[in-house]
Every structure is written in C-alpha cells, then in structure tokens.
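K.L.:
need the 3D shape of this:
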Amino acid sequence: MGLRPKVTVLGSLNMDITVTVPRLPGPGATVLGSAARFAPGGKGANQAVAAARLGADVRMAGCVGDDDFGRLLLARLRAEEVNADAVRTVTGAATGVAMITVDRGGENIITVAPGANHEVGSPEVAAAASASGILVISAEIPVQAIARVLAGAAAVCVLNLAPAPENATDLIARARGQLDWLVVNESEAAAILGRPVAGLADAERAAAELAGTGPGHAVVTAGAHGAALAGPDGHLAIPGFPVTPVDTVGAGDTFVGALAVALAAGVPAAAATRAAAAAGAAAVTRPGAQASLPRPADVLAATGLTWPVA
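P.N.:
Residues are numbered from 1 along each chain as shown. Here you go, the predicted model:
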C-alpha cells in the first residue's frame with residue numbers, strides 16, 4: 001500500500017454552537033430557532049478533518065484553551081486520526097467559539113470569538129514551517145503568524161484568507177514567490193480587490209487578477225455556481241455540481257481540505273480544483289460543520305465524481 005499524501009494545517013479550532021431558524025434575522029430582530037447544537041469546528045480543524053477523511057496523513061497546529069471545549073476538540077481530532085501533537089493548550093485562555101445561525105435554505109451567519117486562536121505563535125509557526133507535502137494556512141489566527149510561516153515554510157503553501165484580514169493585500173504582496181495557492185470565496189475576493197465579485201464569470205476574472213498579485217495559483221469559490229482557477233496555464237471556470245443544500249457551513253473548509261489532499265497526491269491543478277468543488281458540494285447535503293465533511297463514497301454519491309486519491 002502506498003504512502004498517504006501529507007497535509008499539515010495551521011489554523012483555528014472552535015466549538016461551534018448552531019441554531020437553525022426559519023429565516024436569518026435582520027438588524028435588531030429576534031428569531032426563534034431550534035435547540036442549540038454543540039459540535040467541534042473552526043476553519044483549521046475542519047480543514048484537517050476534511051483532509052483526513054479524504055485520504056491524507058494530517059497534522060494539525062494551533063491553540064485551544066485549558067477547558068472542556070479544548071479537551072473535546074483535541075479528542076475529536078485524534079478520533080479522526082489527525083495528529084494533534086502540535087496543538088497547544090493555552091492556560092488562562094478560553095477555547096474559540098463560533099456562533100452559527102442557519103436558515104432552512106442552508107444559508108448562514110457566523111460570529112466567532114477567537115479565544116485561544118489569537119495565541120498562535122512561535123511553537124505553531126515552527127511546527128508549520130517544518131512541514132512537508134502541502135501546508136494549509138487559514139486566517140482565523142494572527143496575521144503575524146501567517147506572514148512568518150509563509151516566509152519560512154518548506155512545503156507547498158495553500159493560504160485560505162477566510163476571513164480576509166484588513167491588510168490582506170500587503171500580506172499577499174510580502175509572500176510573493178512563497179505563496180503557491182491562494183483560496184478565497186467571492187466576498188473575500190471582493191474585500192481584497194476592493195470591488196464586488198458575484199457569480200462564476202466574475203470569480204474567474206477575480207482569480208486571474210489575484211494570481212497577478214503574486215500567488216502561483218488563485219482560486220475563487222462561487223458557492224453553488226462552482227469555482228474559478230487561475231495560474232501559469234491560464235484561467236478557467238469550473239461549474240458547480242447540482243445538489244440539494246441542507247447546510248452550507250463547512251463547505252468552504254471542505255473545499256480547501258480536499259484541494260490540499262488532491263495536490264499532495266499529485267493531481268494536476270484543474271482536476272484538483274474540480275475534485276475540491278465536488279467535495280464541497282457533497283458537504284452541503286448534510287447538516288453541521290465537521291459532521292458534514294465527506295468521505296470519498298459521499299463525494300461519489302452526491303456528485304457522481306470518483307475521488308481521485310486512493
């Protein structure tokens with residue numbers, strides 16, 4: 001049996017508190033919903049679990065608080081066969097919490113209290129910088145840590161600027177020559193470029209523009225419409241896979257984790273992006289963040305695409 005592709009994730013770990021409502025509330029409105037559901041999450045942890053379920057040997061670096069939420073998050077990573085030795089427990093800090101409101105159509109509003117994720121520093125940077133294979137970096141951690149990792153990482157770097165920090169343009173510019181992949185959604189691309197980005201055709205134009213700022217490849221995801229890829233071989237739009245959405249929470253993290261696995265396994269850029277789009281589509285067919293993260297059989301059942309990594 002061959003070696004599994006190697007993926008390291010530097011990012012956030014949160015406890016997700018989710019409530020389903022008939023409609024998303026507007027400013028000043030109160031909407032009654034379901035009983036709150038508590039589940040492991042955080043963009044970094046979600047990406048790590050997604051990558052593990054899709055066939056990678058995964059290592060996670062990040063921080064949790066010295067509390068029950070932190071212990072539960074660590075236990076869940078290990079249950080998913082993610083190496084959590086580089087996840088540091090920070091005394092005196094609370095584990096990050098994400099408060100998620102989901103409507104009946106699967107759309108969501110998310111508010112995050114970062115907690116211990118803001119403590120990511122030198123130990124986690126060192127662990128990420130020494131990684132081999134593919135290194136995924138998500139943006140719910142300090143920008144200074146992201147910049148330091150990009151400056152010294154030995155692995156192929158996939159940066160998911162979700163959410164896009166205020167100085168995202170400077171961060172990308174400083175990482176010129178060291179950032180192999182930039183992955184953002186429409187709203188994050190809009191924040192970076194300073195203009196609206198909506199729809200697949202616009203995402204393709206945005207990906208080409210972002211690739212021109214320094215990353216080797218740029219991907220702009222466009223929800224159900226698909227994803228756009230730009231790189232040395234030009235740019236293209238990859239249509240989405242038609243599925244019935246239940247909950248879009250975790251779809252973007254699934255895309256990033258899936259892309260990392262495919263790239264680590266040597267799948268070419270366009271095919272890896274299409275496979276990631278299929279995995280993201282499969283994730284929206286089930287509720288929850290980590291609970292919805294698909295395995296290869298789930299991707300095939302939802303989209304008809306055979307996962308390209310054994």
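
K.L.:
got the contact list for Ala128?
P.N.:
Thr8, Leu10, Ala61, Ala86, Leu135, Ile137, Val149, Ala153 (CB atoms under 8 Å, 6 or more residues apart in numbering). For every residue, glycine as well, the C-beta is placed using N, CA and C.

K.L.:
can you report phi and psi for the fourth one?
P.N.:
Comment: the main-chain dihedrals of Ala86 come out as phi -100, psi 10, following degrees, to the nearest 10.

K.L.:
before we move on, what about the second one?
P.N.:
Leu10 has phi and psi values of phi -110, psi 120 when expressed as degrees, to the nearest 10.

K.L.:
any idea how far Phe255 is from it?
P.N.:
According to CB to CB, to the nearest Å, Leu10 and Phe255 sit 17 Å apart.

K.L.:
which stretches of the stretch 151-300 of the chain have low pLDDT?
P.N.:
Nowhere does the stretch 151-300 of the chain drop to pLDDT under 70.

K.L.:
how about 80 then?
P.N.:
288-289 (pLDDT under 80).

K.L.:
need the strands for it, in chain order.
P.N.:
With DSSP state E, counting those that start in this stretch as the criterion, the stretch 151-300 of the chain has strands at 156-160, 181-185, 217-221, 226-231, 234-239.

K.L.:
partner strands of the last one, parallel or antiparallel?
P.N.:
Taking DSSP bridges as the criterion, strand 234-239 forms sheet pairs with strand 226-231 (antiparallel).

K.L.:
find the centremost residue of the protein, please.
P.N.:
Nearest residue to the geometric centre of the chain (CA atoms, centre = their mean): Asp253, 3.0 Å.

K.L.:
circling back to that earlier point, turn the contacts of Ala128 into CSV, including neighbour count and distance to Pro294.
P.N.:
Formatted as CSV, the contacts of Ala128 follow (neighbours: other CB atoms under 10 Å; distance: CB to CB, whole Å):
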residue, neighbour count, distance to Pro294
Thr8, 29, 21
Leu10, 30, 23
Ala61, 31, 24
Ala86, 20, 25
Leu135, 28, 22
Ile137, 26, 22
Val149, 27, 28
Ala153, 22, 28
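
K.L.:
tell me the phi and psi of Asp247?
P.N.:
For Asp247, the backbone dihedrals (degrees, to the nearest 10) come out as phi -160, psi 120.

K.L.:
what's the neighbour count on it?
P.N.:
24 (other CB atoms under 10 Å).
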